[in-house]
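[1] the sequence and its predicted three-dimensional model are supplied below.
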Amino acid sequence: MVGGLSTRLLNICIASVCKTQQLQRAEVLLIDAIRLGVLPNVVTYNTLVDAYCRFVSMDAALGVIHRMREAGISPDVITYNSLVAGSTRKRFLSVTLDLFDEMLNFSIHPDRWSYNTLMHCFFKVGKPDEAYRVFQNLVLSELTPGQDTFNILINGLCKNGYVIHGLMLFRNLQRHGVVPELVTYNLLIDGLCKAGRWRAAKSMLMELLGTDEKPNAITYTTVMKCCFKFRKYEQGLEIFLQMANQGHTFDGFGYCTAVGGLVKIGKIEEANQWMHRMVKNGIGLDLVSYNTLINLLCREGRLDAAYTVVEELEKCGLEWDAYTHAIIIDGLCRAGDIEGAQRHFDKMKVLGLGSNRVAWNCMIDRLFKAGYINEAMKLFKTMETKDDFTYSSVVHNLCKVGRFRSAYKILLSCLESGSKILKSAQKAVLSGLKESGYRKDAKKLKSKILMARVLARY
């Protein structure tokens, strides 16, 4: 210790400035401390490694390792855990594996968190089998898996499309006496919701309510969003009101999800009330909140007010995103100003936002709905990058105006290229072809649809 200064105090100071992303200041503190005779230790360098991984780059973090060794301090398992976590955040699988091998070569024994992070990395890059092998290696290394390990497994399985395996693991853990945390329930509910298993998600929520754990805002918001996704608006809003009555505090996302659901079922007045309540509760507006408010005003036909909010958005230093443009275009079309919507669409392309698929999809859909069929098809043909929503929307709209042959051709090309079309759109084409006397085409299309479903399983 020098004049009341110590390595421990140095570490506290460096950790404090690193948390506020002031890495240059952290380096100055380190240099000043060394000049005063206060030498850094492994904790000092580990703090810097973690900060550089999070806020700068992997190369910068590896540079700290080099300086660390020059100072005669050997990296430990915490050092490598920070590096592995950093490369995992960037999805650098090869770097993560190299770091893990390097750790073993230096006889640094990985701990549970090392294995957890490596497992998480494999899940993030879509390699669930390799992730599970890491879990097996963890068990064979005589380390005890923790609740965090099981959470990573369940989350990874759900995110990679194996939600049933995640549920089976959950039940297996319960049979072996593991009491699930709220985080585990939230992960599984989220996975079930995203997989479209609404009933299973609801059942899991009911199970959670019967435990000592209490659902939080994340739980309710996840289920509420799932309700809105599957058009169960009344149930979604019921959950939202239940949250409010139980005293749960909402973030902007929770409010915007509820307001969006109210707008979709035409309850504009209630949506307005909740939007005002959000502002009154002091929740700062982010881009999502502004978009929700703009959409609400457009649905009310208050386009001037919507443009005023857009100006406010820009004054706050925020920039329009794809949804902002799409909302304005949709609002103009709803107001019957197709020419105004077209002008805004053209302006968007001039600003270099021509790849905005959300706005393209919105413009095409609204042209169809306004009866500008040829203009909609022309825009569809000039669209460079189409997604599943584009094709489903166009096929649906063509069926509505009786152009089943055109819809049939687009649907066939989608099935051949592997693009997904909504089942409702497929049924509309099939029934339209049959009713119009194109039974041979309907039979051919049905065969193609069945073949596509079979191939999708492999």
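    Here it is on my side, so go on. Numbering: from 1, shown residues only.
[2] could you report the distance from the closest residue to residue 83 other than its chain neighbours to residue 126?
    Closest residue to residue 83 apart from its sequence neighbours, by Cβ to Cβ, 6 or more residues apart in numbering: residue 99 at 5.1 Å. C-beta coordinates here come from the backbone N, C-alpha and C atoms, glycine included. Distance check for residue 99 against residue 126: by Cβ to Cβ, to the nearest Å, it reads 20 Å.
[3] buried stuff in stretch 88-98?
    88, 92-93, 95-97 (16 or more other Cβ atoms under 10 Å).
[4] pLDDT of it, averaged?
    The average pLDDT within stretch 88-98 is 92.
[5] same thing with stretch 404-412?
    The model assigns stretch 404-412 a mean pLDDT of 89.
[6] gap between that stretch and the chain center?
    33 Å (Cα atoms, centre = their mean, to the nearest Å).
[7] how about the helices in the stretch 51-200 of the chain?
    Remark: helices assigned in the stretch 51-200 of the chain by DSSP state H, counting those that start in this stretch are 58-70, 77-89, 93-105, 112-124, 128-140, 147-159, 163-175, 182-194, 198-209.
[8] closest to residue 215 out of the ones you listed?
    Proximity to residue 215 (Cβ to Cβ) singles out helix 198-209 among these, at 5.7 Å.
[9] hang on, the earlier thing: adding distance to residue 234, write the buried residues of stretch 88-98 out as TSV.
    Formatted as TSV, these follow (distance: Cβ to Cβ, whole Å):
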residue	distance to residue 234
88	41
92	46
93	44
95	49
96	46
97	49
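[10] out of those, which two sit at the greatest distance?
    Spatially, the most separated pair among the buried residues of stretch 88-98 is 88 and 97, at 10.8 Å (Cβ to Cβ).
[11] give me the common contacts of these two.
    Common contacts of residue 88 and residue 97, defined by Cβ atoms under 8 Å, 6 or more residues apart in numbering, comprise residue 118.
[12] what does the helix or strand harbouring residue 412 contact?
    According to DSSP states H and E, residue 412 maps onto helix 404-417. Helix 404-417 has contacts (Cβ under 8 Å, 6+ apart) with 377, 391, 394-395, 398-399, 420-421, 425-426, 428-429, 432-433, 436, 438, 441, 445, 448-449, 451-452.
[13] can we see that at 6 Å?
    391, 395, 398-399, 421, 429, 432-433, 436, 441, 448, 452 (Cβ atoms under 6 Å, 6 or more residues apart in numbering).
[14] tell me the buried residues in the helix or strand that it is followed by?
    Sequence order places helix 423-435 as the next helix or strand after helix 404-417, per DSSP H and E. Buried residues in helix 423-435, counted by 16+ other Cβ under 10 Å: 425-426, 428-430, 432-433.
[15] find the nearest non-adjacent residue to residue 51, please.
    In space, residue 51 is closest to residue 18, 3.8 Å off (Cβ to Cβ, 6+ apart).
[16] so how many other residues sit close to that neighbour?
    By other Cβ atoms under 10 Å, the residues close to residue 18 number 20.
[17] related to what we said a few turns ago, residue 99 and residue 126: which is more packed in?
    Using other Cβ under 10 Å as the criterion, residue 99 and residue 126 rank with residue 99 on top: 26 against 14.
[18] what residues are up against that one?
    Per Cβ under 6 Å, 6+ apart, neighbours of residue 99: 80, 83-84.
[19] now those residues as TSV including distance to residue 117 and pLDDT?
    Formatted as TSV, the contacts of residue 99 follow (distance: Cβ to Cβ, whole Å; pLDDT from 0 to 100):
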residue	distance to residue 117	pLDDT
80	10	95
83	10	95
84	5	95
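[20] now render these as a markdown table, adding neighbour count.
    A markdown table is the format used below for the contacts of residue 99 (neighbours: other Cβ atoms under 10 Å):
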| residue | neighbour count |
| --- | --- |
| 80 | 24 |
| 83 | 28 |
| 84 | 28 |
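[21] separation between residue 294 and residue 308?
    Taking Cβ to Cβ, one finds residue 294 at 10 Å from residue 308.
[22] check residue 296 too.
    Residue 296 is 13 Å from residue 308, by Cβ to Cβ.
[23] do the same with residue 88
    44 Å.
[24] also residue 73?
    With Cβ to Cβ as the criterion, residue 73 and residue 308 are 59 Å apart.
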